[in-house]
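>>> take this sequence and fold it.
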Amino acid sequence: MNKDSRILVTGGRGLVGSALLRTLRSQNFTNILAPSREDLDLMNTGAVERFFKEHQLEYVIAAAARAGGIKASGTFPAEFLYENLVIQNNVIWQAYRSNVRKLLFLGSSCIYPGLAPQPMKETDLLTGPFEPSNEGYSIAKIAGLKLCEYLYTQFEKEFISCMPCNLYGIGDYFDHERGHVIASLILRMHEAKKNNIPEVVVWGSGNARREFLYVDDLADALLFLMNQYHQKEFINVGSGTDISIHDLAILIQQIVGYEGKLIFDPTKPEGVPRKLLDVSKMHTLGWSPRTSIEEGLKKTYADFQLVHS
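As a prediction, this is how the structure comes out:
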């Protein structure tokens with residue numbers, strides 16, 4: 001991509017999209033479009049079609065999605081399936097019809113079978129049943145990556161996909177009902193510290209292990225893929241290391257400065273026992289993340305405090 005290339009970033013106000021905009025602007029890209037939901041409703045097929053016709057885009061990074069943690073995805077599977085199908089179909093298909101040069105679609109590591117071998121290779125896709133709590137979201141993301149692969153094969157369009165691991169960072173969604181694990185734990189421990197609440201309940205036994213990637217590292221990886229990756233097969237993007245939810249909660253407790261007690265509740269859902277990506281393909285291409293989990297959590301909490309002071 002050239003510095004003046006016409007680039008669309010969907011989901012520009014979300015966690016990934018806002019990190020992408022920070023990274024693109026820091027690298028002096030000058031022709032970036034990132035319409036808000038008020039400016040462009042990606043659920044509206046006609047509006048998306050008109051937008052693509054009007055702006056004659058060269059590159060698209062499709063980061064918009066309805067997303068959430070285990071509670072949200074398990075509570076609203078119909079919405080997670082339907083809304084993501086509509087959003088991604090509108091963007092990918094109009095990009096194809098408008099002759100966009102290259103598109104990068106973002107999926108999720110939840111596409112893999114719930115009990116896939118660890119670490120999960122790209123070839124493990126569709127080799128077993130989904131984790132039930134995020135099945136709707138997973139099906140939608142697989143449909144998106146397959147649409148990109150079919151357009152690549154059938155029409156020779158360079159529409160590629162990547163599957164990131166769990167993300168966190170500046171601009172995360174701090175919400176009790178819809179937040180992902182890191183954002184939820186930061187919010188609950190911060191509030192417990194502020195209100196002198198003696199204990200915080202953490203869902204699950206704490207034994208489940210998860211891989212996390214700081215979102216600005218993902219943004220760097222996405223630009224790397226736009227410039228360096230040219231294959232139709234999707235590719236994993238992650239840190240290549242995981243941490244138990246127990247150790248993660250302790251680490252967040254230390255960073256927040258919460259001195260109460262953590263109670264792990266095994267009666268609450270915690271998802272699959274382990275979810276770690278095989279990121280050897282990305283390493284072979286020459287990319288690896290720069291931000292440790294400790295450094296990333298400190299940056300995330302510092303930003304949270306600015307917003308929630």
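
>>> send the alpha carbons of stretch 43-51 over as CSV?
C-alpha atoms of stretch 43-51 as CSV (Å, rounded to 0.1, in the frame of the first residue of the first chain):
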residue,chain,number,x,y,z
MET,A,43,-26.1,-3.8,8.0
ASN,A,44,-27.7,-1.7,5.2
THR,A,45,-26.7,-3.4,1.9
GLY,A,46,-27.8,-0.4,-0.2
ALA,A,47,-25.8,2.0,1.9
VAL,A,48,-22.7,-0.1,1.7
GLU,A,49,-23.1,-0.4,-2.1
ARG,A,50,-23.4,3.3,-2.5
PHE,A,51,-20.4,4.0,-0.3
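
>>> list of residues touching it?
Residues from elsewhere that reach stretch 43-51, judged by CB atoms under 8 Å, 6 or more residues apart in numbering: 35, 40-42, 83, 86-87, 90-91, 94, 97. Any C-beta I mention is one placed from the backbone N, CA and C, and that applies to glycine too.

>>> try 6 Å this time
40-41, 86, 90, 94 (CB atoms under 6 Å, 6 or more residues apart in numbering).

>>> tell me which entries of those lie within helices.
Residues of the contacts of stretch 43-51 located in helices (DSSP state H): 86, 90, 94.

>>> which one (most neighbours) among those residues?
residue 90 (25 neighbours; other CB atoms under 10 Å).

>>> if I look at that residue, how far off is residue 62?
To residue 62, residue 90 is 10 Å away according to CB to CB, to the nearest Å.

>>> ditto for residue 185
Distance from residue 185 to residue 62, by CB to CB: 29 Å.

>>> ditto for residue 156
Residue 156 is 19 Å from residue 62, by CB to CB.

>>> which one's more surrounded, these two?
The neighbour count for residue 156 versus residue 62, taken as other CB under 10 Å, is higher for residue 62 (26 against 8).

>>> wait, doesn't the more buried one sit right on residue 10?
Yes. Using CB atoms under 6 Å, residue 62 makes contact with residue 10 at a distance of 5.3 Å.

>>> what touches both of these two?
residue 91.

>>> for stretch 252-266, buried residues please.
By 16 or more other CB atoms under 10 Å, the buried positions in stretch 252-266 come out as 252-253, 255-256, 258, 262, 264.

>>> next one: stretch 301-309
301, 304.

>>> which outside residues touch that stretch?
170, 186, 255.

>>> which element is the nearest residue to the first one once chain neighbours are set aside on?
Put plainly, it is residue 170. Residue nearest to residue 170 in three dimensions, not counting chain neighbours: residue 303, with 4.4 Å by CB to CB, 6 or more residues apart in numbering. According to DSSP states H and E, residue 303 maps onto helix 293-307.

>>> swap in residue 147?
If you go by DSSP H and E, residue 147 is part of helix 135-155.

>>> got the CA positions of that helix in CSV?
Taking C-alpha atoms only, helix 135-155 is exported to CSV below (Å, rounded to 0.1, in the frame of the first residue of the first chain):
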residue,chain,number,x,y,z
GLU,A,135,-20.8,-21.3,18.0
GLY,A,136,-22.8,-18.6,16.3
TYR,A,137,-19.9,-16.2,16.1
SER,A,138,-17.6,-19.0,15.0
ILE,A,139,-19.9,-20.0,12.1
ALA,A,140,-20.1,-16.5,10.9
LYS,A,141,-16.3,-16.0,10.9
ILE,A,142,-15.8,-19.2,9.0
ALA,A,143,-18.3,-18.1,6.4
GLY,A,144,-16.4,-14.9,6.0
LEU,A,145,-13.0,-16.5,5.5
LYS,A,146,-14.5,-19.0,3.1
LEU,A,147,-16.1,-16.3,1.0
CYS,A,148,-12.7,-14.6,0.7
GLU,A,149,-11.1,-17.9,-0.3
TYR,A,150,-13.8,-18.5,-2.9
LEU,A,151,-13.4,-15.0,-4.4
TYR,A,152,-9.7,-15.5,-4.5
THR,A,153,-10.0,-18.8,-6.3
GLN,A,154,-12.9,-18.0,-8.6
PHE,A,155,-12.2,-14.4,-9.5
